[in-house]
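Chemist: model this:
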Amino acid sequence: MVELEIEGTTATVHVTGTHRVLALREHVSFDLARVTGLGPAPVDMRPPWLRAPGTFFPGVIAAGIFRGKGRKEFWDTRFDGHAVLIELAGTDFTRLVVDVEDPEATLRTLTRAARAA
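Modeler: Below you'll find the predicted structure:
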């Protein structure tokens, strides 16, 4: 699970607990003006095929950086229905898929902040 922090026009996703070890990353930051799409992540969604670096056990956990054709994504999810999908353009990552405590509240917060950016 991650914690989201919004400061000005920058959002930072803080990876918490043991997921820091599994994802090999403590945080990911992005400019809110670069958000192109937001929504709940489907439970059956899977990361791109190339994991570098990170952890992936199908249907159990995806944590870390995953690459596919023209894509670089950060994932931290246990595939339990608590993940949000953040599509980005013009940043280091093209997509974030992360578990949050309250997906609906997180999406509302991100939507408001992205509109204001």
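Chemist: Helices along the chain, start to end?
Modeler: Listed in chain order, the helices of the chain (DSSP state H) span residues 19-23, 103-116.
Chemist: Select, out of those helices, the one closest to G59.
Modeler: In terms of CB to CB, the element of the helices of the chain nearest to G59 is helix 19-23, at 15.3 Å. Heads up, the C-betas are built off the backbone N, CA and C, glycines and all.
Chemist: Quick check: mean pLDDT of the closest one?
Modeler: Mean pLDDT, helix 19-23: 93.
Chemist: mind checking the end-to-end distance for stretch 28-41?
Modeler: End-to-end distance of stretch 28-41 (CA to CA, to the nearest Å): 18 Å.
Chemist: what comes up buried for it?
Modeler: Buried positions in stretch 28-41, judged by neighbour count with 16 or more other CB atoms under 10 Å: V28, F30, L32, R34, V35, A41.
Chemist: Keep only those of the residues you listed that are in strands.
Modeler: Cross-referencing the buried residues of stretch 28-41 with the strands (criterion: DSSP state E) gives V28, F30, V35 as the overlap.
Chemist: helices and strands of this protein: which one has the lowest mean pLDDT?
Modeler: Least confident element among the helices and strands of the chain, by mean pLDDT, DSSP states H and E: strand 50-57 (a mean of 88).
Chemist: centroid residue for this structure?
Modeler: For the chain, the residue lying nearest the average C-alpha position, counting by CA atoms, centre = their mean, turns out to be L96 (2.8 Å).
Chemist: what sits against that residue?
Modeler: If you count contacts by CB atoms under 8 Å, 6 or more residues apart in numbering, L96 has them with V13, V28, F30, E73, F74, W75, L85, I86, L88.
Chemist: residues touching the residue lying closest to the second one once chain neighbours are set aside, list them.
Modeler: Taking CB to CB, 6 or more residues apart in numbering, and ignoring the residues beside it in sequence, V28 has V13 as its nearest neighbour in space, at 4.7 Å. The contact partners of V13, taken as CB under 8 Å, 6+ apart, are V2, E3, L4, H27, V28, S29, F74, D76, L96, V98.
Chemist: Let's see the PyMOL selection covering just the buried ones among the residues you listed.
Modeler: Selecting the buried subset of the contacts of V13 in PyMOL, with 16+ other CB under 10 Å as the burial test, is done by:
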select buried, resi 2+4+28+74+76+96+98
